[in-house]
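Trainee: how does the following fold in three dimensions:
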Amino acid sequence: MLNKTYPKYQLGLLKTIVFSACLIPFVLILWDGFNNSLGAEPIQTLHFRTGDWALRFLLITLAMSPLQRLLKTPLPIRLRRMFGLFAFFYASFHLLVWLVLDQSLSIDNMLQDVPESPYIMLGLFAYLMLIPLAITSTVGMMRRLGKLWVPLHRTIYLITIMGVVHFFWLTKLDYTEPLIYTVLLVILLTFRWQISKRVFICKNK
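Mentor: Residues are numbered from 1 along each chain as shown. Next comes the predicted model:
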């Protein structure tokens, strides 16, 4: 079942639908921005909405491997790269909000703000770690990197952990959402650990 192949037109249609769905949050953010519907603190609203979606897409990306095994179909893996790139897209949007709207592209403001807000530094590190994953997400780069590709892309787990900590760190009142993300991340990490343990046992039999 895992080796089942699907016609190209079906995969193309599915990817088009998923791609369009992944763009909906971006369109809604733009719509609210143009219609002045971002609330009393629009920059903060943009921060949270773009950061939320970056973290959500990271978790969705990590969920594709468990879904593949649960549903016994390769389709989730076929969509994993798209979800990962959308995580990078929303993380880039999140960073641009901070650079352009919050810091006004002022180096002095950034140098003053970052040391006083460690969660910003953590978020920047997480984003910098995402860049090589986005660059090497193609099939061609996978072939070029060979055995290095898998350990490189497994850093997405560390990046997601940093993202959740980043969210916790900047949250001041309601911790409900970061707690939900934490629970989901723990479930996904547990699944990854179980798979790694099985592979290790099989190799050492």
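Trainee: what packs against the longest helix belonging to the chain?
Mentor: What stands out as the longest helix in the chain, according to DSSP state H, is helix 42-71. If contacts are counted by 3 or more Cβ pairs under 8 Å, 6 or more residues apart in numbering; DSSP states H and E, helix 42-71 sits against helix 8-34, helix 75-96, helix 155-170, helix 176-203. The way it works is simple: take the backbone N, C-alpha and C, and place the C-beta from them, glycine included.
Trainee: where does Ser196 land on pLDDT?
Mentor: What the model reports as pLDDT for Ser196 is 67.
Trainee: spatially nearest residue to Ile161, not counting backbone neighbours?
Mentor: Leu185 (6.8 Å; Cβ to Cβ, 6 or more residues apart in numbering).
Trainee: how close does that neighbour sit to Leu55?
Mentor: Going from Leu185 to Leu55 by Cβ to Cβ, to the nearest Å gives 9 Å.
Trainee: touching both of the two, which residues are there?
Mentor: Each of Thr160, Val164 lies in contact with both Leu185 and Leu55 under the rule Cβ atoms under 8 Å, 6 or more residues apart in numbering.
Trainee: these two - which one has more neighbours?
Mentor: Leu55 (26 against 19; other Cβ atoms under 10 Å).
Trainee: the closest residue to the more buried one other than its chain neighbours: neighbour count?
Mentor: Nearest residue to Leu55, sequence neighbours excluded (Cβ to Cβ, 6+ apart): Gly163, at 4.8 Å. Here the number of neighbours of Gly163 (other Cβ under 10 Å) works out to 28.
Trainee: before we move on, what about the one 4 residues further on?
Mentor: A count of neighbours around Phe167, defined by other Cβ under 10 Å, yields 21.
Trainee: run through the residues that contact it.
Mentor: Gly51, Leu55, Glu177, Pro178, Tyr181 are the contacts of Phe167 under Cβ under 8 Å, 6+ apart.
Trainee: picking up where we left off before, please compute how far the longest helix of the chain lies from its chain's middle.
Mentor: Mean C-alpha position of helix 42-71 versus that of the full chain (Cα atoms, centre = their mean, to the nearest Å) differs by 5 Å.
Trainee: same thing with stretch 22-29?
Mentor: So, by Cα atoms, centre = their mean, the centroid of stretch 22-29 is 15 Å from its chain's centroid.
Trainee: re earlier: quick one, the longest helix of the chain and helix 176-203 angle?
Mentor: Helix 42-71 and helix 176-203 are oriented at 30 degrees to each other (axes from the mean of the first three to the mean of the last three Cα atoms, to 10 degrees).
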